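K.L.:
Structural data only, the sequence is not supplied:
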């Protein structure tokens, strides 16, 4: 039978009907059965050859541009009536290999997917974080969405990346993180394995988002990536991530104690604050501002021995997060003030969520009105930002609505006299 099918395929191709065989295969694979209508452009001689096989009455002819229309089932029946008595499926498989229907392809793909998930599950061990990662691969969260994309692009690479990240999240849960490149080299041997833009780096970011929640809104992609990794204990480096601070009394660190005695503000690298601890604060306050110029003005005006001052310089760095964590842990009451625009309220809202007893410092609707006085006709709040501000919930909701209604951003620099008065009163 195989030889007969090969001979029929050869004769059809010799008659110029190779395009018809290809179209018939496509229809069968798409419909999961020998059904459908093959439409193919044929010249006069090819039409005649096809008519000799199926009969002119079986050809459904439209315009020349439409081509010849022949039901696939009619072609199959005609082949079975021929002297070779073989069906269309046998001819197609002799001509171009197995006919694989869409249903069969789906079943094969699902089986391969299931086998890979099983292999991954058997390889990651018993660590709770790794098991959670594996469970997330078949769900609809960040890990599942990453895995589906990566699997279809390169299944083998996706499997390798999953196993690397499984080891990484277990290591974070048990031993902590550290510098990104050193951490990656220890897990995989490649210091760049978890870099942003690499497959394993993207999955690690997805997993840490799934485990710890999304980053604050409004961050650029690179900022969001750094924020999520820093929150989990992984830092791009210990030096370039800095925070401005002044008057860090009670820091259990000889250099910081000397800085506090000398007065002035200092940039502190992450290495200096990673494991920083303070003596119990006894109800003291730590004042946090968004803008470096405001910070510098307050430090100069208060002088040595003033209250703790911290500057985030916009969105929080890993160093800023670690310093504020240490201050809050020691019992300092954190006060935060920032700009009256979308980014300023994003930062403040995130800090309110992270530190439940944080106090907002001059960020109410009345403070906004004072800062915005005389700003009419200048910069306007973009429409998308205004929509976000108007929908903001929580302790800054009234301020957000006020900014959205006025349509004018305002900045912390216009409140420095008020802020300075608060500091002197508090100290």
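P.N.:
Arrived safely, thanks for sending. It should be emphasised that the depicted structure is a prediction, and the values quoted were computed from it without experimental measurement.

K.L.:
Count the residues that sit near the residue nearest to residue 47 when sequence neighbours are not counted.
P.N.:
Spatial nearest neighbour of residue 47, excluding adjacent residues (Cβ to Cβ, 6 or more residues apart in numbering): residue 68 at 6.1 Å. C-beta coordinates here come from the backbone N, C-alpha and C atoms, glycine included. Neighbour count for residue 68, taken as other Cβ atoms under 10 Å: 20.

K.L.:
For residue 68, give me the pLDDT.
P.N.:
Note on residue 68: pLDDT of 84.

K.L.:
quick one, phi/psi of it?
P.N.:
When read as degrees, to the nearest 10, the backbone of residue 68 gives phi -90, psi 140.

K.L.:
One more: residue 333?
P.N.:
Per degrees, to the nearest 10, the backbone of residue 333 is at phi -90, psi 120.

K.L.:
That one contacts residue 361, correct?
P.N.:
No. In this structure, residue 333 is not within contact of residue 361 by Cβ atoms under 8 Å, at 10.7 Å.

K.L.:
of those two, who's got more company?
P.N.:
Neighbour count, other Cβ under 10 Å: between residue 333 and residue 361, residue 361 has more, with 23 against 17.

K.L.:
Just give the nearest non-adjacent residue to the more buried one, would you?
P.N.:
Spatial nearest neighbour of residue 361, excluding adjacent residues (Cβ to Cβ, 6+ apart): residue 337 at 3.6 Å.

K.L.:
Near the one you found, how many residues? Count them for me, please.
P.N.:
23.

K.L.:
Could you measure from the residue lying farthest from the centre of the chain over to residue 9?
P.N.:
The outermost residue of the chain relative to its centre, with distances by Cα atoms, centre = their mean, is residue 83 at 62.0 Å. Applying Cβ to Cβ, to the nearest Å, the value for residue 83 to residue 9 is 15 Å.

K.L.:
Please name the bridge partners of the residue nearest to residue 361.
P.N.:
For residue 337, the beta-bridge partners under DSSP bridges are residue 289.

K.L.:
Model confidence score at it, please.
P.N.:
In this model, residue 337 carries a pLDDT of 97.

K.L.:
is it true that it touches residue 298?
P.N.:
No. Contact criterion Cβ under 8 Å: residue 337 and residue 298 do not qualify, at 10.3 Å.

K.L.:
Which helix or strand contains residue 309?
P.N.:
Assessed by DSSP states H and E, residue 309 sits inside strand 308-311.

K.L.:
For the closest residue to residue 142 other than its chain neighbours, which residues are in contact?
P.N.:
Closest residue to residue 142 apart from its sequence neighbours, by Cβ to Cβ, 6+ apart: residue 206 at 3.7 Å. For residue 206, the contacting residues are 141-143, 145-146, by Cβ atoms under 8 Å, 6 or more residues apart in numbering.
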